[in-house]
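Please find the sequence and the predicted model below.
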Amino acid sequence: MSEKVVVIYSGGMDSFTVLHRALREGKAPYALTFDYGQRHKKEIDYAARVCESLNVPHKVVDISAINQLIGGSALTSDIEVPAGHYEEPSMKQTVVPNRNMILLSMAVGYAVSLEAEKVYYGAHSGDHAIYPDCRPEFVQRMNDVCGIANYTPVEIVTPYLKDSKTAILTDGLNMGLDYSQTWTCYNGREKACGSCGACQERLEAFRDNQANDPLEYES
């Protein structure tokens with residue numbers, strides 16, 4: 001039997017690539033999507049459609065109640081999503097306090113219940129400047145904790161931790177993946193805005209790969 005793994009699957013291009021990489025490695029992924037009150041809930045619909053098409057077990061968990069405790073992010077509060085690249089200081093407004101620690105903790109609990117020993121998530125080097133919970137030292141410490149938090153240790157696996165968004169897309173395109181099945185924009189409107197950090201990084205990755213982004217943009 002294939003090894004069970006939990007994949008934190010947002011519906012974005014990074015986790016989409018991670019999910020397919022786990023499948024290519026012969027794993028049996030259990031996809032886990034969180035509704036944490038993000039304004040771009042559209043990504044959840046994309047995640048659901050992909051999992052259905054792949055026949056991958058998929059859970060969507062509503063944890064939006066946590067916004068009673070953590071706020072101040074443009075992704076969850078009534079704050080305008082800043083335009084600009086991830087490297088600009090304004091993008092710190094998109095940080096959701098402690099998000100990945102919360103999500104990973106629940107994913108590890110799910111893995112223990114499934115008797116799975118690994119949790120995959122799509123942190124990458126492009127996130128390091130703005131998101132502390134995507135940095136190598138965070139992943140290392142989480143692995144230390146998850147090795148002792150339960151009777152059975154669970155490993156946090158980050159296949160692209162040292163790679164750029166461009167490199168992730170390169171890997172996905174080499175796998176023949178269709179990125180029209182992903183949603184990246186932080187604004188959950190009908191079309192991607194093209195101006196937020198998430199859109200700019202995505203478009204940059206497609207340009208670097210000399211490929212066309214299949215999503216429609218407002219401008």
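Nice, I can see it. Numbering: from 1, shown residues only.

for the protein, what are the low-confidence residue spans?
Residue ranges of the chain with pLDDT under 70: 39-40, 69-97, 126-130.

and residue 57, what does it touch?
29, 30, 31, 51 (CB atoms under 8 Å, 6 or more residues apart in numbering). Every C-beta, even on glycine, is put in place using the N, C-alpha and C of the backbone.

Contacts only, for the nearest residue to residue 115 once chain neighbours are set aside.
Using CB to CB, 6 or more residues apart in numbering and skipping residues adjacent in sequence, the residue nearest residue 115 is residue 4, 6.8 Å away. Listed by CB under 8 Å, 6+ apart, the contact set of residue 4 reads 27, 28, 30, 111, 114, 115, 116.

and if we set it to 6 Å?
Counting by CB atoms under 6 Å, 6 or more residues apart in numbering, residue 4 makes contact with 28, 114, 116.

Next SSE downstream of the strand of greatest length in the chain?
In the chain, with assignment by DSSP state E, the single longest strand is strand 28-35. Downstream of strand 28-35, the next assigned helix or strand under DSSP states H and E is helix 42-54.

hey, where'd the strands end up in this protein?
4-8, 28-35, 58-62, 118-120, 155-157.

picking that back up, buried ones from the contacts of residue 4, can you make that a PyMOL selection?
Per 16 or more other CB atoms under 10 Å, the buried members of the contacts of residue 4 correspond to this PyMOL selection:
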select buried, resi 116
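
Make a markdown table out of the contacts of residue 4 and add distance to residue 58.
As requested, the contacts of residue 4 are exported to a markdown table (distance: CB to CB, whole Å):
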| residue | distance to residue 58 |
| --- | --- |
| 28 | 13 |
| 114 | 13 |
| 116 | 15 |
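
out of the contacts of residue 4, who's nearest residue 104?
residue 116 (13.6 Å; CB to CB).

picking up where we left off before, ranking the contacts of residue 57 by neighbours, who comes first?
residue 29 (27 neighbours; other CB atoms under 10 Å).

Distance of that residue relative to residue 64?
Residue 29 sits 24 Å away from residue 64 when distances are taken as CB to CB, to the nearest Å.
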